[in-house]
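1. Sequence first, then the predicted structure:
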Amino acid sequence: MSRSRLAALPLVAALALAACGGGDDDTTAPGTTPAPGTGGDGAPAPTAAPGVSDPGEAGDDGTGDDDGGDGPIVVTLPPGTVPEAAAVAGGTLRVALEAEVDGLNPVSSQVTAAAGLMMAAAVFDTLAATDTAGDPVPYLAESFTPNDDFTTWDVKLREGITFHDGTALDALAVQRNFETQLADPLVGLAVKPFHPAEGATEIIDEYTIRYTLSEPNVRFPARLTTQIGMVASPTWLDAAIADATLNQRPVGTGPFVFDSRSEDSVTRFVRNDDYWNGEVYLDAIEFVPVTDGGVAADLLYNGEVDALHTTDPGTVADLRSNVDAFPQQLLDDSGDDRFIIMNTAKPPFDDVRARQALAYATPRQLVLDLFAVRQWRPASQRFIPESPYHNPDLVQVGDDADRAVALAAEYCAERGGETNPVTNQPTCSNGKINIEYQWSGPSVSQTRLADVLVDGWGAAFNVTRDEKLQDQNILEVVTGGYNAVSWTQFNDPEPINDNVWVLCRTAPAEGIALNFSRYCDEQRDALLVEAAATVDDAARAELVQQAEARINESFTYVFLGHVLWDYALASNVHGLCDRTSPEGTRLMCVRQGNFWPTTVWID
């Protein structure tokens, strides 16, 4: 049976729509758990995922107004089902990635996009890693020690680790990475707001570095599981400043060593025989960007690649409906949300009535049914229901055209003669609000999502459609040159990491902002800052839930659904979930489009 025939399945006939977000982020997914009904060789048996009544039909009460209650959509290869002694060395793992990235330098490149994270995981290690409970544990670091009020953290490194170029890993190397991130015009935006302008780091001894924070953060090591915690060779960093082409030839401490890279074609890494944290089995790993999910599945079915990751709902539906053809799949909807962002710094969305009108006019159920092909659970907020930070009282409004029309009429009666600086049109015409909707393309799926949204919004809005290349789309969003845009982000198991995307301090009046909506709420920020300083888990969760309620009340986002990632592997690929910390703690299998190849082997 060829993969091309799979597209004819009734579930997805004429509905193979892709979901492609414009944003990159460092959100993380909680540890996945073994699903019932898994096969003895580590491959999920052909059964539905927990909380899914039928492959392709996510748990949903039908209203589209909440997150459902049937449990996370997760199917995981159970760790350790193949005895470690059975692992064999050799072979090349070929991985189809959803996209390409601009470079592989963790201090300056967009490695936090899913494709970048996947490639970075082969060559770089992080100071901390995330265990299966979603908690940070030491990795390159040996320990994390805070002061009494959690405003400084001493990070002690493991001794005897070297980078691929022979440079020693020590406190000076870590400081060099962090200070370079601080100085970078883009990456620095995610770092500077949380550290003092002077003295952000201090060398305590050869293997200990002290981080000083602007305010208490009891969960600071969680930040060191992200791009902020990746450590590159300082020798290579210096060379890359002089020769920008070296950004494509990374040097880390990871399980694989860079071999070659042809952008938009193949990036290849070979085994690090001297890896500090155990044996690496694969001879090599190759990453191939394949932007069409159906084509990637074809390649996997025909044996031309050994693994893929995808959020394309049509492809996910195909894969889930054909477990005989694709027996090894990890499904996880805990790592990303899809939502609409409104720019609150400019008319019309500087007025809450316009934001409310767009929310009520959004055809959320049609998005879930048509665009997401019923693969997503509806979202009302940043957190899935199983998260301790989920606020069960929140509802994401939508599917109410009459309410939207009334709000638009009220707005236009008062402010209809003003100018929308994005469209250079009056804010209203013929009783409707004039806006621009922007998305990243060219993309058939994104255009189809635009069709669904614009049709629903048409009851209360006159919408100018604006498809831009991804780089330009991102630039417009970070500089505030948009009205409304669809985005993929959030859903971090450590919500303090997501503060960078929502706080007032990352939403300047002019220039680049990481708080893309540019909405400032000092009370929301106070709750999140207090949460970061709170040791008690239950109290911290309550504070985040209160902050989430304020985000809901601000109408800055329209949440659509929790994005479902599918990681599909060839039947001869093993060991993906066997990665552990040096102390033996089992680590997360997958994280927002990324998996770690350290313990993978092929029979």
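-> Okay, I see it.

2. ok, so what distance separates Tyr411 from Thr167?
-> Counting by Cβ to Cβ, to the nearest Å, the separation of Tyr411 from Thr167 is 59 Å. Heads up, the C-betas are built off the backbone N, CA and C, glycines and all.

3. the more surrounded of these two?
-> Here Tyr411 and Thr167 are compared on neighbour count by other Cβ atoms under 10 Å; more neighbours surround Tyr411, at 24 against 17.

4. Find the helix or strand that the more buried one is a member of.
-> helix 401-415 (DSSP states H and E).

5. quick one: average pLDDT of that helix?
-> Taken as a whole, helix 401-415 has an average pLDDT of 98.

6. Show me how far it is from its chain's centre.
-> Once both centres are worked out by Cα atoms, centre = their mean, to the nearest Å, helix 401-415 turns out to sit 35 Å from its chain's centre.

7. next one: stretch 430-444
-> Stretch 430-444 has its C-alpha centroid displaced from the chain centroid by 24 Å (Cα atoms, centre = their mean).

8. quick check: longest helix of the chain.
-> Taking DSSP state H as the criterion, the chain has its longest helix at helix 537-554.

9. buried stuff in that helix?
-> Neighbour counts using 16 or more other Cβ atoms under 10 Å place 540-549, 551-552, 554 of helix 537-554 among the buried residues.

10. Show me what it packs onto, helices and strands only.
-> Of the remaining helices and strands, those touching helix 537-554 by 3 or more Cβ pairs under 8 Å, 6 or more residues apart in numbering; DSSP states H and E are helix 522-532.

11. quick one: contacts of the helix it packs on?
-> Applying Cβ atoms under 8 Å, 6 or more residues apart in numbering, the contact partners of helix 522-532 are 215-219, 495-496, 499, 502-505, 540, 543-544, 546-547, 550-551, 554.

12. Sort out which one of the buried residues of helix 537-554 lies nearest Gln489 for me.
-> Ile551 (12.9 Å; Cβ to Cβ).

13. and the gap between the residue lying closest to that closest one once chain neighbours are set aside and Ser429?
-> Leaving out its chain neighbours, the residue that sits closest to Ile551 by Cβ to Cβ, 6 or more residues apart in numbering is Arg524, at 6.5 Å. The span separating Arg524 from Ser429 equals 34 Å under the rule Cβ to Cβ.

14. Pick out whichever of those two has more residues nearby.
-> Arg524 (21 against 12).

15. Strands of the stretch 301-450 of the chain, start to end?
-> The residue ranges that make up the strands of the stretch 301-450 of the chain, judged by DSSP state E, counting those that start in this stretch, are 307-310, 328-332, 337-342, 377-378, 419-420, 425-426, 428-429, 432-441.

16. closest one to Ser321 among those?
-> Judged by Cβ to Cβ, the one of those that comes nearest to Ser321 is strand 328-332, at 11.0 Å.

17. so what strands line up beside that closest one?
-> strand 74-75 (antiparallel), strand 565-569 (antiparallel) (DSSP bridges).

18. List the contacts of the last one.
-> Contact with strand 565-569 is made by 29, 77, 297, 300, 306-311, 315-316, 319-320, 326, 328-333, 335-336, 576, 590, 592-593, 595, as judged by Cβ under 8 Å, 6+ apart.

19. how does it look with 6 Å?
-> In this structure, residues lying in contact with strand 565-569 by Cβ atoms under 6 Å, 6 or more residues apart in numbering are 300, 307-311, 316, 319, 326, 328-332, 590, 593.

20. Next: stretch 182-198.
-> Under the criterion Cβ under 6 Å, 6+ apart, external residues in contact with stretch 182-198 comprise 107-108, 181, 212, 214, 500, 505-506, 514.

21. what's the spacing between stretch 568-588 and its chain's center?
-> On the basis of Cα atoms, centre = their mean, stretch 568-588 is displaced by 20 Å from the centre of the chain it belongs to.

22. just to revisit the earlier point, after the longest helix of the chain comes which helix or strand?
-> Later in the chain than helix 537-554, the nearest helix or strand by DSSP H and E is strand 557-562.

23. which secondary structure elements does that following strand contact?
-> Contacts defined by 3 or more Cβ pairs under 6 Å, 6 or more residues apart in numbering; DSSP states H and E place strand 557-562 against strand 337-342.

24. C-alpha coordinates for the longest helix of the chain, CSV please?
-> These are the backbone C-alpha positions of helix 537-554, laid out as CSV (Å, rounded to 0.1, in the frame of the first residue of the first chain):
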residue,chain,number,x,y,z
ASP,A,537,3.7,24.2,44.2
ALA,A,538,0.0,24.5,45.0
ALA,A,539,0.3,28.2,45.9
ARG,A,540,2.3,28.9,42.7
ALA,A,541,-0.3,27.1,40.6
GLU,A,542,-3.1,29.2,42.1
LEU,A,543,-1.2,32.4,41.3
VAL,A,544,-0.7,31.4,37.7
GLN,A,545,-4.4,30.4,37.4
GLN,A,546,-5.3,33.9,38.6
ALA,A,547,-2.9,35.5,36.1
GLU,A,548,-4.5,33.3,33.4
ALA,A,549,-7.9,34.6,34.3
ARG,A,550,-6.6,38.2,33.7
ILE,A,551,-5.2,37.1,30.3
ASN,A,552,-8.6,35.7,29.5
GLU,A,553,-10.4,38.9,30.5
SER,A,554,-8.0,41.1,28.4
